[in-house]
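K.L.:
sequence and predicted structure, then a few things I'm wondering about:
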Amino acid sequence: MRRILFLAALLLFPLSARSQTIGFAQVGAESDWRTAFSASMKQEAARRGLHLLFADAGNDVGRQRQEVRGFIAKHVDAIIIAPVVVDGWSDVLKEAKEAAIPVFIADRAVRADPSLYVARIAASSTLEGRLAAAWLAQATNGKCDVVELEGTAGSEPALQRHSGFLAVAALFPDIRIIRAGNGNFTTEGGRSVMTRLMSETNNLAGVCAVLAHNDNMLLGAIGVMQAAGVHPGRDIITVSFDGLPNIYRAMLAGEATMSVEVKSDTAPYIYDVVQRYLKGERSFPKWIVIPSALHTRADAAAMLERHGS
């Protein structure tokens, strides 16, 4: 009966005449980038007059799936998912499709039948990894032993930044990842894994570069290196992903070398697709790519000014 009443309400009050309710299942708040992305989604929803139901999964994929099921039960107009990990989404996506609720994948990716969601709106983590490797090859004349600080296991950025980096590094036999550890995209995780990696490598003896899957892990690692008498940015090249103000400050301080910028203010890209779909448009590519860019110390001051910092 409730389902019948809900459908009747849709007929009486068409979508264009009422506030659209969007459910957004966010990964968590593990990094500065994630916090900025969440703020962008909330602010842009308010600007557009959207009713946003925001759910923070705290990096718990089981909790995130339940949050999506909660959106389905509330009969929201659309669901946006920034998935914690790539796998295990098929059942939930099928439930949303059976409820006639369109799903949009943001930031990360899922391994599921593409017919179960409208589109993915995100940067290319593979390209980001390739950019980092290409820059490092040029900076080191193709010779560098690397330690890698990995993001959340099973997450799309961790998988694809790693594979993208390796795809280009494979062209240079003397660029090698010699040690790696999981820092879970957090500052504390970066500290913890760098402490272990320094112990395993005699304080990074012979290591040319640290590759961190995000800025927060690198910032945590920088403190550990400095405490051990290693000078990041001088003794060791430091490479990361995200491109938020704190990494540019670290560049100006001589501690960070390069970061691949991943735009956090992507809400307009995402909501444009969602609202166009809700107005009846159906011609979307399965992946709408948000561009990324590479920045070094030479860009740091200008990037801080752009961020208003």
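P.N.:
Structure's in. What do you need? Residues are numbered from 1 along each chain as shown.
K.L.:
low-confidence stretches in the chain?
P.N.:
For the chain, the stretches with pLDDT under 70 are 1-18.
K.L.:
please name the nearest non-neighbouring residue to the residue sitting nearest the centre point of it.
P.N.:
Closest to where the C-alpha atoms of the chain average out (CA atoms, centre = their mean) is Asp107, at 5.3 Å. Excluding the flanking residues, the one nearest Asp107 by CB to CB, 6 or more residues apart in numbering is Ala82, at 4.3 Å. The C-beta positions use only the backbone N, C-alpha and C, and glycine is treated the same way.
K.L.:
likewise Leu171?
P.N.:
Of all residues not flanking Leu171 in the chain, Ala137 sits nearest, at 7.5 Å (CB to CB, 6+ apart).
K.L.:
how about the one you found, what does it touch?
P.N.:
144, 168-169, 171-172, 175 (CB atoms under 8 Å, 6 or more residues apart in numbering).
K.L.:
quick one on the thing from earlier: so how far is Gly190 from the residue nearest to Asp107?
P.N.:
21 Å (CB to CB, to the nearest Å).
K.L.:
in terms of neighbours, single out the busier of these two.
P.N.:
Gly190 (29 against 23; other CB atoms under 10 Å).
K.L.:
so that one touches Gly151, yeah?
P.N.:
No - taking contacts as CB atoms under 8 Å, Gly190 lies outside contact range of Gly151: 10.3 Å.
K.L.:
can I assume Val68 sits in a strand?
P.N.:
No - in this structure, Val68 is helix, not part of a strand, as judged by DSSP: H, G, I helix; E, B strand; the rest coil.
K.L.:
that one: neighbour count?
P.N.:
For Val68, using other CB under 10 Å, the count is 25.
K.L.:
output the longest helix anywhere in the chain as PDB, restricted to C-alpha atoms.
P.N.:
As assigned by DSSP state H, the longest helix anywhere in the chain is helix 32-48. Provided in PDB are the C-alpha atoms of helix 32-48 (Å, rounded to 0.1, in the frame of the first residue of the first chain):
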ATOM      1  CA  ASP A  32      41.800  16.300   3.800                       C
ATOM      2  CA  TRP A  33      40.800  15.600   0.200                       C
ATOM      3  CA  ARG A  34      37.800  13.500   1.300                       C
ATOM      4  CA  THR A  35      36.700  16.300   3.700                       C
ATOM      5  CA  ALA A  36      36.900  18.900   0.900                       C
ATOM      6  CA  PHE A  37      35.000  16.600  -1.400                       C
ATOM      7  CA  SER A  38      32.200  16.200   1.100                       C
ATOM      8  CA  ALA A  39      32.000  19.900   1.700                       C
ATOM      9  CA  SER A  40      31.800  20.500  -2.000                       C
ATOM     10  CA  MET A  41      28.900  18.000  -2.300                       C
ATOM     11  CA  LYS A  42      27.000  19.600   0.600                       C
ATOM     12  CA  GLN A  43      27.500  23.200  -0.500                       C
ATOM     13  CA  GLU A  44      26.600  22.600  -4.200                       C
ATOM     14  CA  ALA A  45      23.500  20.700  -3.200                       C
ATOM     15  CA  ALA A  46      22.300  23.600  -1.000                       C
ATOM     16  CA  ARG A  47      23.100  26.000  -3.900                       C
ATOM     17  CA  ARG A  48      20.900  24.000  -6.200                       C
END
